[in-house]
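A.B. asks: here is a sequence together with a model predicted from it:
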Amino acid sequence: MKEAKSLQEIYKPEHQRILDDETKFSIEDVFDAKRKLKIEQNEADRKGITIEDLRLQKQVARQEVGKKVKEQEEWLNSIKNVDLKTFGNTCFHFMIESCKSNGSEFKTDCQKTMDMYREIIRYFYWNGECEILDKSRFLFLFGSYGSGKSMCVKSILKAMQYHRHEIWSYFHLPTVTKNYMAQSVNKDIRNDAFESLFSCSKNMVIDEIGDKSEKQKFYGNEIESVRSLILDKYDKWISNSANPNSQKIVFTSNLFPDKEYFFTESENDIRPTIRNFYDEKVYNKVGEMCNLVRFPNVSYRTKNKVELL
């Protein structure tokens, strides 16, 4: 009597890459294998090649995809793990491009100014410490209108996103204040404009604090939300001071902390300061929790930089 052949022996010529002598297959597995073989045969017929050539093509294609994926991963790792110099060059590239878009020119002829930019870049860089600034404290960038504070910070944030895929929260305070005033007169709803500022726990930039829009009156009262925000961030900074991964905040402002930071000693210089715009308490809290960095007395908002004195 002739011995019956196993399923493996029957289908082995056509399904050698699917069937394995050491594996038991159900009838459903066999039909599935036949279906896949039929699909492959039809595809090979359409292309006018053999199944073996079709499989070889697909294998090469998979290898090419794998190679591209690996190259992409290596590229991402290379830009993610850059050294400070490369990160700094990326920051300066975005600063130069930002100035060009405003019709101005980013000049590097002042060593003191360049040292300031490099130290700010060190503050944002994820490895190592700064030479002067204290990374455990926030950053308060102040200077005259158009001196490049926002341009500097936005350029560094672009570099952070490029190299680290790290996105900081960004708040333009005059816009927040405008939305605050435009909302409903209902007090609970009006507070929503500042809610994201108070609740945000990510690294964040609060741009242009001390703007004149904060002095608008609502029913005879000045907006107190910004003052409350600064004091709230101070309390959180104190409570998280022992945590090296705690939130970082960068403030920018046209307000100088106090008269001692002015470029001139003229008694006629009546520009507002943190101390007289808010009060003594806010002035002290800002000075305690922030590194204070004064920007040079020049403007990037004109075609050529001009002295603002």
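C.D. replies: It's in.
A.B. asks: how about the secondary structure of the most centrally placed residue in the chain?
C.D. replies: Centroid-nearest residue in the chain, with C-alpha atoms, centre = their mean: residue 167, separated by 2.3 Å. At residue 167 the chain is in coil, as set by DSSP: H, G, I helix; E, B strand; the rest coil.
A.B. asks: element containing the residue nearest to residue 53 when sequence neighbours are not counted?
C.D. replies: Take residue 53 and drop its neighbours on the chain: the residue closest to it by C-beta to C-beta, 6 or more residues apart in numbering is residue 44, 7.3 Å away. Placement of C-beta: from N, CA and C, glycine included. Using DSSP states H and E, residue 44 sits in helix 27-47.
A.B. asks: packing partners of that helix?
C.D. replies: If you count contacts as 3 or more C-beta pairs under 8 Å, 6 or more residues apart in numbering; DSSP states H and E, helix 27-47 packs onto helix 7-11, helix 51-80.
A.B. asks: switch the cut-off to 6 Å
C.D. replies: Contacts defined by 3 or more C-beta pairs under 6 Å, 6 or more residues apart in numbering; DSSP states H and E place helix 27-47 against helix 51-80.
A.B. asks: tell me the contacts of residue 261?
C.D. replies: Neighbour list for residue 261: residue 294 [criterion: C-beta atoms under 6 Å, 6 or more residues apart in numbering].
A.B. asks: picking that back up, how close does the residue nearest to residue 53 sit to residue 213?
C.D. replies: Shown here: residue 44 relative to residue 213, a distance of 71 Å by C-beta to C-beta, to the nearest Å.
A.B. asks: which stretches of the stretch 151-300 of the chain have low pLDDT?
C.D. replies: For the stretch 151-300 of the chain, the stretches flagged by pLDDT under 70 are 183-193, 214-223, 264-270, 298-300.
A.B. asks: strands of that one, residue ranges please.
C.D. replies: If DSSP state E, counting those that start in this stretch is used as the criterion, the strands of the stretch 151-300 of the chain fall at 169-172, 204-209, 217-218, 221-222, 249-253, 290-294.
A.B. asks: could you give the angle of the helix holding residue 44 to helix 51-80?
C.D. replies: Here the directions of helix 27-47 and helix 51-80 differ by 90 degrees (axes from the mean of the first three to the mean of the last three C-alpha atoms, to 10 degrees).
A.B. asks: just the mean pLDDT for helix 27-47, thanks.
C.D. replies: Regarding helix 27-47, the rounded mean pLDDT is 82.
A.B. asks: and for stretch 114-122?
C.D. replies: The average pLDDT within stretch 114-122 is 94.
A.B. asks: residues in contact with it?
C.D. replies: Contacts for stretch 114-122 (C-beta under 6 Å, 6+ apart): 88, 91, 108, 130, 132, 133.
A.B. asks: hmm, 7 Å instead?
C.D. replies: With contacts defined as C-beta atoms under 7 Å, 6 or more residues apart in numbering, stretch 114-122 is touched by 84, 87, 88, 91, 108, 130, 131, 132, 133, 152, 156, 293.
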